[in-house]
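Participant: can't give you the sequence, but here's the structure:
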C-alpha cells in the first residue's frame, strides 16, 4: 500500500482548504452555479436528482482497513448509512449536503484519501487490475505505475480543462481484468528482451460511440512512461473536438484522424516532450514500488482446504481465485446478493469487510470494476472463518461472474443524466435467475446495465448488455449481445426493438434458454454466441 | 481589480494582431492566438514578439494551456497573456503553464487571487514555471 509522505499530505490538505473556500464562495453568492460547476465536478461533487453526490477516489481500487472504515464513517455520518462502489473502482455517496463537503474531505484527508479529479474534464482516477500483487499471471505489480500516473496527473496544469473526461487503466497481465482497452488510455506493462516497457492502447471507451482502443505503440521504454503519456494528452488537448460534447472524447479524435496519424503526432510531440525532463528518476519509481512489496506471506502453510461444508464449497469454487503464493487465495466478496442494489454496501458491511481485511488479508482490500470487493491475500486455512464472517454480514453471495453478478449504474433512481432506471431491472433479473444451481449451470455470464447512453454500467461490454432509453416518455430497454471487457474485448450488438421492464427480463431468459440449447461442452455464453453468431439468438428473442 | 501582471518590464502599448495578420506583416510585435490556432506557427518569429495574447472565449476551452507551454518550451520569454473568460480558480494552472499576465472579462478579487496562488506549496509535475516537482525534492 502506498503511504503518503509530507508532500502528498500537504497537497491533499491544501485541496481540502481550497475546496472549502470554493464552497464558501459559492454559498456566499460570489460565484454562479455555472462557474462553480466545473470546480465542484473536479472534486467529484455532482448535483443529482435528489441531492449532491460525492465520488471519492480509491486510487487503482486499493485501500486498507483504516481507509475502508473511514468510508463507513462517512456513510454513517454524512449520508444514509450506505455507499455505492462504482465501475471505476471508486465509491460514491448519494445524499450529500453541500455544506458538509469540506468536512468530508477533511475526514478523508486524515486517512490519505480525497475526491480529487473524480469528475470533470480532467484525468480521472487511475484504475487497475484488482488482483494486482496477487495474480500469478502478472509480470509485475502494475500499481506503482498507476501511482506514478496518479501523482503526475494530479492538478496537471495543462490538462485540467481537456475536451472531455479522461480515463486511464494500467494492467500487467495478459488476462485483462480491468477492461483496459475500453479506456481513453489503456496501458499494459510488458517485457521485451528482459526490459520492462508499456504498450499504449489509446482511444477506447464506451458511451454513445463505443470503441475498442487501437494499439498506438507496442513498447514504450519504461523510462519514457510519463513523457509518452504527456505527449498523448497534449495531442488530445490541442486537437480533440470542442464543438460537440458528444464528439469530444479522444476516441473520436483517433477515429477521425486514424490511429496511425495520431500515433505519428504523438511520436513527434514525444520527441520534444522527452527533452523537458518530465520523467522522474528511477529512484522515484523504486520508492513507490517499495510500498507495494509483497506482504510477509508464510511459507509452507497448508495448500488444501476442507470442503466438508457444501455451502462453503460452492462459495469457494465460485468466489475464490488462485493466488501466486502457495497456501494463499484471492477472495471475492460479491455485493450482488439477490435483491441487492449492485455495488451498494451498508456502513456496517463496509466495517465488517475492513475488519476481515485487517485480520485475514494483510490489511488490504480492492474494489473491482464489477462493483465487488476483493480480499487479495487470504491464507487458505482461514478461508472457512472468513466465509463464516461474510455469511453473518450477508456478504457471502456465491455468484462471482454469474448472471446475477450484474454491473449496474445508479440509473434514474439517482442520476440526473439517466433516461431509465437500472436498479429495478438488475433486481428483477437477479430474482428471475435466483436459483443458484441454474446460475452455475449457465456459467460465466456477464450482464451489464446502463440507464443511459453514457454507459456507466458498461452495457457495451456485457456478454448480455442492457441499455435503458427514453421512448416517448416511457422507459424502454435495448438488449445487446456479445460484448466483452476482457482481453478479447468486443462491443455488443443490439438485438432489435427494445422492451419494457418486464419484457427485458423475459428477453434475457429467452437468450439464456437458447444458449442452453446451443452450447457445446464447457462453452460459456460468449463462446457459443461467437461460434453460432447473432441470428439464432435474435430469432429466439423476437420469434 | 482588473488586470493582473506578473512582470517587471513595462507593458507593451500596442494592440495584438490576429495570427494571420501577424504572419503577413513583419513589424507587428504583439499577436493574438484564438483557441484553434497553432502556437507552433509563432516559433520562427519569437525573437520579434513582445506579447502573445491567448484568447479564452470560454473558460472550459483548455487549448490555450497547451499553447502557452509550447511557447515557453520554445524559449519565448515575452509577455504571455490570458484574455477572456479567465476565472480566479484557473490562475494557478495558467501561471504554471507560463502565463504572466491576465486580462479577464470579469474582474478578479485580488484577495482570492492571492490566497489561491499561495495555497499549494508543492507540485507533482514539471511544467513551464520554476516550481520543483516533489519527486525532485524527494531525490534531489
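Facilitator: Right, received. Where do you want to start? As the structure is a computational prediction, the values presented were derived from the model and not from experiment. Numbers count the residues shown, from 1 in each chain, chains lettered A, B, ... in the order given.
Participant: Tell me which residue in chain B sits closest to chain A.
Facilitator: Using Cβ to the nearest Cβ, residue B:62 is the residue of chain B that sits closest to chain A, at 2.8 Å. Every residue, glycine included, has its C-beta placed from N, CA and C.
Participant: Pick out the residue closest to the middle of chain B.
Facilitator: For chain B, residue B:99 is the residue whose C-alpha lies nearest the centre (Cα atoms, centre = their mean; 2.3 Å).
Participant: Assess the claim that the residue of chain B closest to chain A and residue A:161 are in contact.
Facilitator: Yes: the criterion here is Cβ atoms under 8 Å, and residue B:62 meets it with residue A:161 at 2.8 Å.
Participant: between those two, what contacts are shared?
Facilitator: Counting by Cβ atoms under 8 Å, 6 or more residues apart in numbering or on different chains, the shared contacts of residue B:62 and residue A:161 are residue A:121.
Participant: roughly how far out does the worst-scoring helix or strand of chain A on mean pLDDT sit from the chain middle?
Facilitator: Comparing every helix and strand of chain A by mean pLDDT, DSSP states H and E singles out helix A:33-41 as the least confident one, with a mean of 86. Computed by Cα atoms, centre = their mean, to the nearest Å, the chain-centroid distance of helix A:33-41 equals 25 Å.
Participant: for it, which positions count as buried?
Facilitator: Buried residues in helix A:33-41, defined by neighbour count with 16 or more other Cβ atoms under 10 Å in any protein chain shown: A:35, A:36, A:37, A:38, A:39, A:40, A:41.
Participant: and the host helix or strand of residue A:254, average pLDDT?
Facilitator: Take DSSP states H and E as the rule and residue A:254 turns out to sit in helix A:250-257. What helix A:250-257 shows for mean pLDDT is 97.
Participant: in it, what's buried?
Facilitator: Neighbour-count burial for helix A:250-257, counted by 16+ other Cβ under 10 Å, picks out A:250, A:251, A:252, A:253, A:254, A:255, A:257.
Participant: Please apply the same query to stretch A:100-113.
Facilitator: Of the residues in stretch A:100-113, A:100, A:101, A:102, A:104, A:105, A:107, A:108, A:109, A:111, A:112, A:113 count as buried by neighbour count, 16+ other Cβ under 10 Å.
Participant: Which ones among the residues you listed map onto strands?
Facilitator: Per DSSP state E, strands hold no members of the buried residues of stretch A:100-113.
Participant: Output these in CSV, with pLDDT appended to each entry.
Facilitator: As requested, the buried residues of stretch A:100-113 are exported to CSV (pLDDT from 0 to 100):
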residue, pLDDT
A:100, 95
A:101, 94
A:102, 95
A:104, 97
A:105, 97
A:107, 98
A:108, 98
A:109, 98
A:111, 98
A:112, 98
A:113, 98
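Participant: Between all of those, which two are separated the most?
Facilitator: Spatial extent of those (Cβ to Cβ) is set by the pair A:100 and A:112 at 20.3 Å.
Participant: give the contact list for the residue of chain B closest to chain A.
Facilitator: Counting by Cβ under 8 Å, 6+ apart, residue B:62 makes contact with A:121, A:158, A:159, A:160, A:161, A:162, A:163, A:237.
Participant: what are the ranges of the strands in chain B?
Facilitator: So, for chain B - with DSSP E - the strands run B:4-5, B:17-18, B:30-33, B:51-56, B:79-84, B:101-104.
Participant: Then the stretch 51-200 of chain A?
Facilitator: A:52-56, A:62-64, A:82-85, A:91-96, A:127-128, A:168-171, A:185-192, A:195-202 (DSSP state E, counting those that start in this stretch).
Participant: tell me the contacts of the closest residue to chain B within the stretch 351-500 of chain A?
Facilitator: With Cβ to the nearest Cβ, the shortest gap between the stretch 351-500 of chain A and chain B falls at residue A:417, namely 17.8 Å. When the contact criterion is Cβ under 8 Å, 6+ apart, the partners of residue A:417 are A:452, A:454.
Participant: swap in residue A:320?
Facilitator: Residues near residue A:320 by Cβ under 8 Å, 6+ apart: A:329, A:330, A:331, A:332, A:383.
Participant: and with 6 Å instead?
Facilitator: Residues in contact with residue A:320 (Cβ atoms under 6 Å, 6 or more residues apart in numbering or on different chains) are A:329, A:331.
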